[in-house]
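Enquirer: Structure for the following, please:
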Amino acid sequence: MGRTTQQECGTTGRRGPDKERPAAWSAYGKLVRLFRERAGLTQQALAEAIDYSLEQVASVEQGRRPAKAAFTEAAERALETGGALRVLQGDVDRAKLPLFFQDFASLEAEAVSRFSYDPMLVPGLLQTEAYAQALLEAHFPPLDEETVEQRVAARVARQALLTRKSPPIVFVFIVEESAVRRVVNSAAVMRQQLEHLLECSRMRNAELQIMPTARGAHSGLNGPMVLLESTDRKQHVYVEAQDIVSVRSDRHEVSEFWLRYGTLRTQALNTEESSRLIKHMAGEL
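Expert: Residues are numbered from 1 along each chain as shown. Below is the predicted model of the structure:
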């Protein structure tokens, strides 16, 4: 691959422990307090107006917990903020993600195309809540319940990218057959996950291809990858393995990943064959 400096490539790093509460939560909370005080409401009065507890309102204002979309919509109506809170919801949701992933999530939110290869698990954008919950509960070192809840919520919120209309994103998912066959949590959870994959595969802007185990050796076995193209046609590649993450944007280096991905698409089952295989697997559970 072409040699590049880290500045040219993007970022490379190791996952680190999340430290202070995200600045986005604090900024959002201060804005809620500003609008509440302008409206002449106490925290208790706002809590009653939006059908939340006093503790929840206080926690959001103090930046101790993130606001969910339902909280934001209720506060928008009660405080007549004119969309000021709604415009911050994406930042609040992304701040729930692991720190190492947040920069990539910002790039992803600006993409017009997203192609991925996943050899081990169903990709996050296609996971059901139960499947995601099971994965996060299996994390080591163990995550506390609040962190698990926040990360599940953030993963589900990211899935809004699948139906974004302005501009829409074109998705291609290549997933190893072994990843889809891995029973996460229980047969019931996995059956629901497979049914969800079939629903997603019917979306006009998304294609799902299964890489059959019978294919044997292929270039994707080097590891997972996500390829992005932004609105200004700049291309990025994201790779992650065993707590090491890297985002690259050097055109020579990224070009090799796109060529590799094109080969993988020809080796995987086509969309119709993939759907039939998923239906068969669901029927076996």
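Enquirer: in the stretch 1-150 of the chain, which spans are helices?
Expert: Here the stretch 1-150 of the chain has its helices, by DSSP state H, counting those that start in this stretch, at 6-9, 23-38, 43-50, 54-61, 69-79, 89-94, 99-109, 129-137, 145-158.
Enquirer: need the contact list for residue 230.
Expert: By C-beta atoms under 8 Å, 6 or more residues apart in numbering, the contact list for residue 230 reads 107, 110-112, 236. All C-beta spots, glycine's among them, are computed from the backbone N, C-alpha and C.
Enquirer: So which of those residues are in strands?
Expert: 111-112, 236 (DSSP state E).
Enquirer: Just the buried positions in stretch 62-77, please.
Expert: Under the neighbour-count criterion of 16 or more other C-beta atoms under 10 Å, stretch 62-77 has 63, 65-68, 71-72, 74-76 buried.
Enquirer: Mind picking the one among these that's closest to residue 101?
Expert: Closest approach to residue 101 among these (C-beta to C-beta): residue 66, at 15.4 Å.
Enquirer: Now do the contacts for that closest one.
Expert: 22, 25, 28, 60, 92-93, 95-96, 150, 153.
Enquirer: Over to residue 162?
Expert: By C-beta under 8 Å, 6+ apart, residue 162 lies in contact with 125, 169, 171, 200, 203, 205-206.
Enquirer: would you turn these into TSV with distance to residue 246 and pLDDT?
Expert: Formatted as TSV, the contacts of residue 162 follow (distance: C-beta to C-beta, whole Å; pLDDT from 0 to 100):
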residue	distance to residue 246	pLDDT
125	20	97
169	22	95
171	22	98
200	27	96
203	29	96
205	27	96
206	25	96
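Enquirer: So which of the contacts of residue 230 is the closest to residue 189?
Expert: Minimum distance to residue 189 across those is 29.2 Å, recorded for residue 111 (C-beta to C-beta).
Enquirer: so what pLDDT did that closest one get?
Expert: Residue 111 is assigned a pLDDT of 94 by the prediction.
Enquirer: Pairing-wise in the sheet, spell out the partners of residue 113.
Expert: residue 170, residue 229 (DSSP bridges).
Enquirer: Would you enumerate the residues in contact with residue 263?
Expert: The neighbourhood of residue 263, defined by C-beta under 8 Å, 6+ apart, consists of 218-219.
Enquirer: That one - that's part of a helix, no?
Expert: Yes: counting by DSSP: H, G, I helix; E, B strand; the rest coil, residue 263 is found in a helix.
Enquirer: and it, how far is that from residue 219?
Expert: Separation of residue 263 from residue 219 (C-beta to C-beta, to the nearest Å) stands at 6 Å.
Enquirer: same deal with residue 253?
Expert: From residue 253 over to residue 219 the distance is 15 Å, taken as C-beta to C-beta.
Enquirer: Which residue ranges of the stretch 151-285 of the chain form helices?
Expert: Applying DSSP H, counting those that start in this stretch to the stretch 151-285 of the chain gives helices spanning 177-181, 187-201, 251-267, 271-284.
Enquirer: For the ones you listed, give me a markdown table that also has distance to residue 118.
Expert: Below are the helices of the stretch 151-285 of the chain laid out as a markdown table (distance: least, C-beta to C-beta, whole Å):
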| stretch | distance to residue 118 |
| --- | --- |
| helix 177-181 | 6 |
| helix 187-201 | 12 |
| helix 251-267 | 11 |
| helix 271-284 | 13 |
